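*Asks:* Have a look; sequence and predicted model below, questions after that.
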Amino acid sequence: MLDLRAEPVPLRVDTGGVVRVGQTRVTLHTVVTAFHQGLGAEEIADRYPSLTLPDVYSVLGYYLRHRSVLDAYLEEQRLAAEEFRAENQQRWPSQALRKKLLARLRRPEQ
C-alpha cells in the first residue's frame with residue numbers, strides 16, 4: 001500500500017531570520033532565483049551539491065503553491081539587504097577607500 005502522507009517541506013529559518021533549505025546553507029532565495037533564471041530542479045541540485053534533488057523539487061513545489069507569500073518574503077529580504085548595503089556604504093564609502101588604496105600603491109616603497 002502506498003504511503004500518501006505529506007512530508008514536511010525542507011525549509012528552516014536560521015537564527016538571522018533567513019530561510020534555508022534543509023540543514024544546508026543554501027537559501028530559499030538562491031533556489032528561487034535559479035528557478036527564475038530558467039534552471040530546472042536537476043540543474044539547481046547540480047549547481048548546489050549540498051542540496052538533494054527531492055529537496056529541490058519539494059522547495060520549488062512549495063514556492064509555486066505559496067508564491068505570493070514567498071515573493072513578499074523575498075522582497076523584504078531584498079529591501080533589507082539593500083538597506084544594509086546603503087548603511088555600510090555610508091559608514092565606509094568605497095570611493096574614499098579606493099582613493100586611499102590607490103595613493104598607497106603609487107607611493108614608492110620605503
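*Replies:* It's in.
*Asks:* could you point out where the chain is predicted with low confidence?
*Replies:* 109-110 (pLDDT under 70).
*Asks:* ok, which stretches of it are strands?
*Replies:* 11-13, 19-21 (DSSP state E).
*Asks:* could I get those strands as JSON lines with distance to Tyr73 and mean neighbour count?
*Replies:* (Glycine included, C-beta is placed from N, CA and C.) Converted to JSON lines, those look like this (distance: least, Cβ to Cβ, whole Å; neighbours: other Cβ atoms under 10 Å):
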{"stretch": "strand 11-13", "distance to Tyr73": "10", "mean neighbour count": "14"}
{"stretch": "strand 19-21", "distance to Tyr73": "7", "mean neighbour count": "20"}
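*Asks:* possible to save these as JSON lines with distance to Tyr57?
*Replies:* As requested, the strands of the chain are exported to JSON lines (distance: least, Cβ to Cβ, whole Å):
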{"stretch": "strand 11-13", "distance to Tyr57": "13"}
{"stretch": "strand 19-21", "distance to Tyr57": "11"}
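*Asks:* Relative to Thr27, which of the ones you listed is closest?
*Replies:* strand 19-21 (5.5 Å; Cβ to Cβ).
*Asks:* Pretty sure Glu7 sits against Tyr57.
*Replies:* No. Glu7 lies out of contact with Tyr57 (Cβ atoms under 8 Å); the separation is 11.2 Å.
*Asks:* residues near Thr27, how many?
*Replies:* Around Thr27 there are 17 other residues, counting by other Cβ atoms under 10 Å.
*Asks:* before we move on, back to that, which one's more surrounded, Glu7 and Tyr57?
*Replies:* Tyr57 (15 against 8).
*Asks:* Done for today, thanks.
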